[in-house]
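Undergrad: Quick one, fold the following:
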Amino acid sequence: MKTHTRFGIAAATCLLFVAGAAHALDYPPRKPGLWELSIQSEDGASKTPAMQTQQCIDGATDKAMREMGGSTGQQACSKQDMRTEGGRIVVDSVCKIGNTTATTHSVITGDFGTGYRMESRSSYNPPMMGRKEGTAIVEAKWVGPCKAGQKPGDMMMSNGMKMNVLEMTGGARKK
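TA: Take a look at the predicted model:
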């Protein structure tokens, strides 16, 4: 699997942690429909090309993802400090990802109805995928209704790979 794709999956997992943490503050749910996310990372020495993804959500899926992130965060994170500062959500966390401890500071802005932006700075001990530290910027915007054939939780990666975030994490909703 390409490093870019592995990073994308890692970024999606990290977003679940942050989404779960932010849920504790009761931020507004994302508007149902198709969201386009751009994930840009930098490790100090290099900047990866922005990874574009699209995700189809509904109200129940958005809530389930926040709950999954919250429970995963409780198990994997020894620290999850969340607060609001001037309309921004600030999250400081220390989480175990595999054998690596990630210490992260994130700032989230936006209205979750039309768009939001998350800026994160992390340090990794031991290094994760060769990185000692890194930054990530996630910009998300609502683009409209989900496309035909998409179901809530479906995520389309920039390389054409399709996965359902709920199914891959074992959190698929029961019908």
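Undergrad: Show me where the chain has its helices.
TA: With DSSP state H, the ranges of helices along the chain come out as 3-23, 59-76, 165-168.
Undergrad: The ones you listed: lowest mean pLDDT?
TA: When the helices of the chain are ranked by mean pLDDT, helix 3-23 comes last with a mean of 47.
Undergrad: Count the neighbours of the nearest residue to residue 99 once chain neighbours are set aside for me.
TA: The spatially closest residue to residue 99, leaving aside those adjacent along the chain, is residue 126, at 7.0 Å (C-beta to C-beta, 6 or more residues apart in numbering). For the C-beta atoms, the positions are set from N, CA and C on the backbone; glycine is no exception. Number of residues near residue 126 (other C-beta atoms under 10 Å) recorded here: 9.
Undergrad: thought residue 126 was touching residue 98?
TA: No. Residue 126 lies out of contact with residue 98 (C-beta atoms under 8 Å); the separation is 9.8 Å.
Undergrad: Tell me where the model's unsure across the protein.
TA: Scanning the chain for pLDDT under 70 picks out 1-28, 44-46, 69-75, 169-175.
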